[in-house]
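A.B. asks: from the sequence below, what's the structure:
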Amino acid sequence: MVLTRKALLGVSAAAAMAATAVVMAPAAGGTATAVGAPVAGSPLPRAGSPADASSGGGSPAGASPADASPAVGGIAPEADVSHHGHVSLRDGGLGIWLRSENSGPSDLPGVTVRLRVSVPPADRQELPGACLRADPRTVLCRTGPLRADGSQQRRLALHLQLRGRPDEVVVRIDTAWNGGATDRNTKNSEHEVLAPATGDPYVF
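C.D. replies: Here you go, the predicted structure:
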């Protein structure tokens with residue numbers, strides 16, 4: 001059974017990320033890797049606001065101001081970002097598989113995906129450079145640029161070892177940052193998924 005509903009998330013993010021697609025291997029007892037050259041450990045802005053993860057300026061890490069779609073007449077560009085995938089919980093290990101894309105009309109210099117879990121992960125987690133832990137229950141990951149035609153699908157595979165062996169976990173997914181664009185359709189980018197500890201995939 002999958003429970004998916006629109007989640008209105010108002011938590012401030014901790015770092016802006018924009019660069020390349022990420023593929024992560026399980027953290028428990030192993031080493032996670034990322035494809036590309038990520039920059040981590042920087043503060044993130046609120047969703048829809050400009051940020052500079054490296055110097056506090058107006059662009060995400062790895063992107064110059066020219067990379068973003070410019071506002072015309074003071075009006076922010078528009079984009080339709082979607083996040084879809086599935087989650088799976090087994091023996092305290094939570095797997096999250098995610099695909100992000102943009103249906104436009106504006107290109108995006110990058111997107112930061114926020115993943116929040118109802119059960120906090122264990123203190124020691126091996127995260128790749130393109131992801132960071134914003135707080136005990138939140139992980140932020142950057143996707144890299146997303147073209148408006150949907151041709152760039154950024155994929156993420158993440159494994160978190162949770163504290164204990166919970167019978168179920170709720171995973172909340174949303175966009176923490178999108179380069180300052182207006183996204184009028186959040187139904188395809190904000191999700192809340194209940195995953196019982198069956199090892200089965202629960203789709204969102």
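A.B. asks: which parts of the lowest-mean-pLDDT helix or strand in the chain are buried?
C.D. replies: None of the helices or strands of the chain scores lower by mean pLDDT, DSSP states H and E than strand 154-161, at a mean of 93. Of the residues in strand 154-161, those buried under the neighbour-count criterion (16 or more other C-beta atoms under 10 Å) are 154, 156, 158-161. No exception for glycine: its C-beta is placed from N, CA and C like everyone else's.
A.B. asks: now render those residues as JSON lines, adding distance to V113.
C.D. replies: What follows is the buried residues of strand 154-161, written out as JSON lines (distance: C-beta to C-beta, whole Å):
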{"residue": "R154", "distance to V113": "9"}
{"residue": "L156", "distance to V113": "7"}
{"residue": "L158", "distance to V113": "10"}
{"residue": "H159", "distance to V113": "16"}
{"residue": "L160", "distance to V113": "14"}
{"residue": "Q161", "distance to V113": "20"}
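A.B. asks: tell me the one of those residues nearest V170?
C.D. replies: The shortest approach to V170 among the buried residues of strand 154-161 belongs to L160, at 13.4 Å (C-beta to C-beta).
A.B. asks: dump the residue contacts of that closest one.
C.D. replies: Residues counted as contacts of L160 (C-beta atoms under 8 Å, 6 or more residues apart in numbering) are 27, 93-94, 96, 117, 121, 125, 139.
A.B. asks: any idea how far it is from G110?
C.D. replies: Summarising the geometry, the distance separating L160 from G110, computed by C-beta to C-beta, to the nearest Å, is 23 Å.
A.B. asks: now T175
C.D. replies: As it turns out, when the distance is counted by C-beta to C-beta, T175 lies 11 Å from G110.
A.B. asks: what ranges of the chain fall below the confidence cut-off?
C.D. replies: In the predicted model of the chain, residues 1-74 satisfy pLDDT under 70.
A.B. asks: quick one: list the elements packing against the helix or strand where R172 lies.
C.D. replies: In this structure, R172 is located in strand 168-177 according to DSSP states H and E. Counting contacts by 3 or more C-beta pairs under 8 Å, 6 or more residues apart in numbering; DSSP states H and E, strand 168-177 is packed against strand 81-90, strand 93-102, strand 112-117, strand 191-196.
A.B. asks: for the second one, give me every contacting residue.
C.D. replies: For strand 93-102, contacts defined as C-beta under 8 Å, 6+ apart pick out 26, 28, 79-89, 108, 111, 113, 115, 117, 121, 143, 146-148, 150, 152-162, 169, 171, 173, 195, 201.
A.B. asks: could you redo the last one with a cut-off of 7 Å?
C.D. replies: Judged by C-beta atoms under 7 Å, 6 or more residues apart in numbering, the contacts made with strand 93-102 from elsewhere in the structure are 28, 79-88, 108, 111, 113, 115, 117, 143, 146-148, 150, 152-162, 169, 171.
A.B. asks: which parts of it are buried?
C.D. replies: Along strand 93-102, the positions that meet the burial threshold by neighbour count (16+ other C-beta under 10 Å) are 93-98, 100-102.
A.B. asks: one more: the first one?
C.D. replies: Along strand 81-90, the positions that meet the burial threshold by neighbour count (16+ other C-beta under 10 Å) are 81-89.
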